[in-house]
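I'll drop the sequence and a predicted model, then ask my questions.
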Amino acid sequence: MDVIVSARHMTKFPSSMKTEAEDLLGRMSSKFPKLTKAEVVMDRTKHGCHAEIVLHGKGINLEAESDHVNNLYEAVHQAADRLEKQLSKKYGRKKRHNSRHLGELEVEILNINYEMSEYDIELEELEEAL
């Protein structure tokens, strides 16, 4: 996954902040493999630090922002947590519950037919014995 980290209103950008954001998003991409690109924008204003993360992927475009907090690390973690909640919710909707693949149904029907033929053979043997 491509990760683009940028900053606004800051003269010095901590390099450890970039690696922290890349690690967080790397863990997310391992859980959700359809992600292709992430953009992280960190901002420092008079109200505090603020982070915004935008994720792009196959059928996925999500955005999360943090509140104004005192620390950049806290802002990035807060935005990442919000994104993870959105991703799990989105993947939960796509997951089909109580549904089976057509191949599984065919195998089940064949097994039932095979079991029925075994019962027919046993019935014939019992009728012959009587």
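Happy to help now that I have it.

Packing partners of the worst-scoring helix or strand of the chain on mean pLDDT?
Here the helix or strand of the chain ranked lowest by mean pLDDT, DSSP states H and E is helix 102-129, holding a mean of 72. When contacts are defined as 3 or more Cβ pairs under 8 Å, 6 or more residues apart in numbering; DSSP states H and E, helix 102-129 packs onto no helix or strand at all. Bear in mind the C-beta positions are built from the backbone N, C-alpha and C, glycine included.

Can you list the buried residues in stretch 37-56?
In terms of neighbour count (16 or more other Cβ atoms under 10 Å), stretch 37-56 has its buried residues at 38-44, 48-56.

got the buried residues for stretch 72-79?
Buried residues in stretch 72-79 (16+ other Cβ under 10 Å): 72, 75-79.

could those go into a markdown table alongside secondary structure?
Shown next, in a markdown table, are the buried residues of stretch 72-79 (DSSP: H, G, I helix; E, B strand; the rest coil):
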| residue | secondary structure |
| --- | --- |
| Leu72 | helix |
| Ala75 | helix |
| Val76 | helix |
| His77 | helix |
| Gln78 | helix |
| Ala79 | helix |
